[in-house]
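**Q** Sequence first, predicted coordinates after that:
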Amino acid sequence: MAHKKVNLQWITKASSRRATFRRRRDGIKKKVDELATLCGTKVGVVLYGENQDKPLAWPNDSEAKAMFQKFIDMPDYGERFKKTQNQEELLSNRIPKLQHQVSRLEHENYKREISFLLYESMDGQRPGLIGTTEKERTSLGEMVEEKTKKVKERIRQLRQLGIWQGKGAAPEPPLPLQLGSSSAQPLAPYTFNEIQTSLVPAVGHVPPQQQDWIASLTNNGGEHGTIVSRPFVGSSGGVDMLHPYNMDYFSRFP
């Protein structure tokens, strides 16, 4: 599970700040212990807590003092301070990164504003682009050109795939069948022999497998009393249904 991103700023609440210090301190001690054990290196840590006179040293005061003294006695000054930074240098290095982040976010927000302006214009809420500056109109024109190029490129790809056939707008997909509408009216059932001549031309070409199935159903129609009915036909059309039943079964009812 990914860790939650930490907001790097000073914790104003004193109790939360002390609890965070204790938790982070124990985490650092665990990490340096793993580093010293797994890699066989000498590690020394000194932590100064808030309102604490004596700092916390790891692994202990004497070993930490010996390691820091060895570091101070190094003759090469440049090697010793090669990767060290003071507070001023740390903040100076962070300023350009933050400025770049602010600039990127401002650019993204401006693009969203131009997109919103485009949608308003398409919806008729900005007739003649009233209330817009020259910069906004220029950016709006550039965005329209960019989107137009993307649409043309997509059409070209669809034509290469054989999907796009026409020069105009793409045909709309057929509407789904809606059963049980308020305007549905039941129709009387009729035999399968009566619908043979009307059903097949309406459907079009019937595959051989379906032709065999229709033929077998026709032969058995007289024996089992198979009928075909359209239960509901509304404004959006109906669906043909096959209802096999035994005439003797219904003869028992009045």
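**A** Structure received. Numbers count the residues shown, from 1 in each chain.
**Q** in the longest helix anywhere in the chain, what's buried?
**A** In the chain, assigned by DSSP state H, the helix with the most residues is helix 87-122. Along helix 87-122, these residues count as buried under the neighbour rule (16 or more other Cβ atoms under 10 Å): Ile114, Leu117, Leu118, Ser121. (Each C-beta comes from the backbone N, C-alpha and C, glycine too.)
**Q** Now tabulate the residues you listed in JSON lines and tack on pLDDT and distance to Pro55.
**A** Below are these laid out as JSON lines (pLDDT from 0 to 100; distance: Cβ to Cβ, whole Å):
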{"residue": "Ile114", "pLDDT": "89", "distance to Pro55": "55"}
{"residue": "Leu117", "pLDDT": "88", "distance to Pro55": "58"}
{"residue": "Leu118", "pLDDT": "87", "distance to Pro55": "60"}
{"residue": "Ser121", "pLDDT": "85", "distance to Pro55": "64"}
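**Q** Can you tell me what sits against stretch 36-54?
**A** The contact list for stretch 36-54 (Cβ atoms under 8 Å, 6 or more residues apart in numbering) reads 17-18, 21, 25, 28-29, 32, 35, 55-59, 63-64, 67-68.
**Q** Give me the buried subset of those residues.
**A** Among those, the ones that count as buried by 16+ other Cβ under 10 Å are Val32, Ala57, Trp58, Pro59, Ala64, Met67.
**Q** ok, these vs Gly131, which is closest?
**A** Nearest to Gly131 among these is Val32, at 61.2 Å by Cβ to Cβ.
**Q** Give the closest residue to that closest one in space, chain neighbours not counted.
**A** Val43 (4.6 Å; Cβ to Cβ, 6 or more residues apart in numbering).
**Q** Number of residues surrounding the one you found?
**A** 17 (other Cβ atoms under 10 Å).
**Q** returning to what we had before: from the contacts of stretch 36-54, which land in strands?
**A** Judged by DSSP state E, strands contain the following of those: Leu56, Ala57, Trp58.
**Q** Take the residues you listed and lay them out in a markdown table including distance to Glu88.
**A** A markdown table is the format used below for the ones in strands among the contacts of stretch 36-54 (distance: Cβ to Cβ, whole Å):
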| residue | distance to Glu88 |
| --- | --- |
| Leu56 | 26 |
| Ala57 | 27 |
| Trp58 | 28 |
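**Q** Low-confidence regions, the chain specifically.
**A** 1-3, 76-81, 165-254 (pLDDT under 70).
**Q** domain ranges for it?
**A** Per the record, the chain has its domains at 14-82, 88-160, 190-250, by automatic domain parsing.
**Q** returning to that earlier point: looking at the ones in strands among the contacts of stretch 36-54, spot the one nearest Leu91.
**A** For the ones in strands among the contacts of stretch 36-54, the nearest to Leu91 is Leu56 (26.0 Å; Cβ to Cβ).
**Q** surely the closest one meets Arg25?
**A** Yes - Leu56 lies in contact with Arg25 (Cβ atoms under 8 Å); the separation is 6.8 Å.
**Q** quick check, nearest of the buried ones among the contacts of stretch 36-54 to Gln99?
**A** Val32 (34.3 Å).
**Q** Run through the strands of this protein in chain order.
**A** Under DSSP E, the chain gives strands at 45-47, 56-58, 190-191, 227-229, 233-234, 237-238, 241-243.
**Q** Let's have the buried residues of helix 87-122 in a markdown table, adding distance to Trp10.
**A** Output for the buried residues of helix 87-122, formatted as a markdown table (distance: Cβ to Cβ, whole Å):
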| residue | distance to Trp10 |
| --- | --- |
| Ile114 | 37 |
| Leu117 | 40 |
| Leu118 | 42 |
| Ser121 | 46 |
